[in-house]
Structure formats: structure tokens, C-alpha cells
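Participant: here you go, sequence then predicted model.
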Amino acid sequence: MFRPLEKHSLAVYDEPTSVLDPMTWSLSAEERMTVMVVTHEMGFARKGAQRVVFMDAGAIVESGAPDEFFAHPKTDRSGRCSRGIDYR
């Protein structure tokens, strides 16, 4: 289980989908901590996110609610990625 040594308002997880579980999410809620997850797993992002930020070559290309991002991507690249076609 993840428990920070000091109180912080942000935690960043880079590709953690194999270890994230309900305890992690409930801990973030209990501590009122924002959780930022970096992932290539589109299903996980669609299901677990309140907001999706899509980056390409280190720059933010678009962001928004998951329903909007996956239904109406603004660029060809984000559209391919949101459909799980292009991860590069």
C-alpha cells in the first residue's frame, strides 16, 4: 500500500496499472490527494480518469473529459491512440 511520509497534494504514477488497486484510489480520496497516472492503456484511462491529457512529443495536444476525448478526438494522432491503434 502507498502511504506518503509527508502530506502532499499530488502523487504521480508512471505506468502503474499493474499495481493500482481500489486501496490506492481510496487512499487518494481519504487524503484528498490528486492522482496523476501516466499510461498507454486507453481502457484504463477511459474508465478511471476524470480528465484525460493527451501528449505527443512532450507537448499537450488536447485534454478533456474521457467521454469527450474518446468520442471526439481533436487530432488524427489522438484519434488513433484513443482507438488503441497507434501508441507511437
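Facilitator: Structure received.
Participant: tell me which residue is most central in the chain.
Facilitator: With the centre of the chain defined as its mean C-alpha position, the nearest residue by CA atoms, centre = their mean is residue 37, 4.2 Å away.
Participant: assumed it was part of a strand.
Facilitator: Yes. Secondary structure of residue 37 (DSSP: H, G, I helix; E, B strand; the rest coil): part of a strand.
Participant: can I assume it is in contact with residue 49?
Facilitator: Yes. Residue 37 is within contact range of residue 49, at 7.4 Å (criterion: CB atoms under 8 Å). (Glycine included, C-beta is placed from N, CA and C.)
Participant: what's the overlap in contacts for these two?
Facilitator: Residues touching both residue 37 and residue 49 (CB atoms under 8 Å, 6 or more residues apart in numbering): there are none.
Participant: about what we covered before: partners of the residue nearest to the centre of the chain in the sheet?
Facilitator: Residues in a beta bridge with residue 37, per DSSP bridges, are residue 13.
Participant: and it, what pLDDT?
Facilitator: For residue 37, the pLDDT comes out at 79.
Participant: tell me the strands in the chain, going along the chain?
Facilitator: 10-14, 34-38, 52-56, 59-64 (DSSP state E).
Participant: could I get the buried residue list for the third one?
Facilitator: Buried positions in strand 52-56, judged by neighbour count with 16 or more other CB atoms under 10 Å: 52, 54.
Participant: show me what that strand is packed against.
Facilitator: The elements that strand 52-56 packs onto, with contact taken as 3 or more CB pairs under 8 Å, 6 or more residues apart in numbering; DSSP states H and E, are strand 59-64, helix 66-71, helix 76-82.
Participant: returning to that earlier point: so which of the strands of the chain comes closest to residue 26?
Facilitator: Closest approach to residue 26 among the strands of the chain is made by strand 34-38 (11.1 Å; CB to CB).
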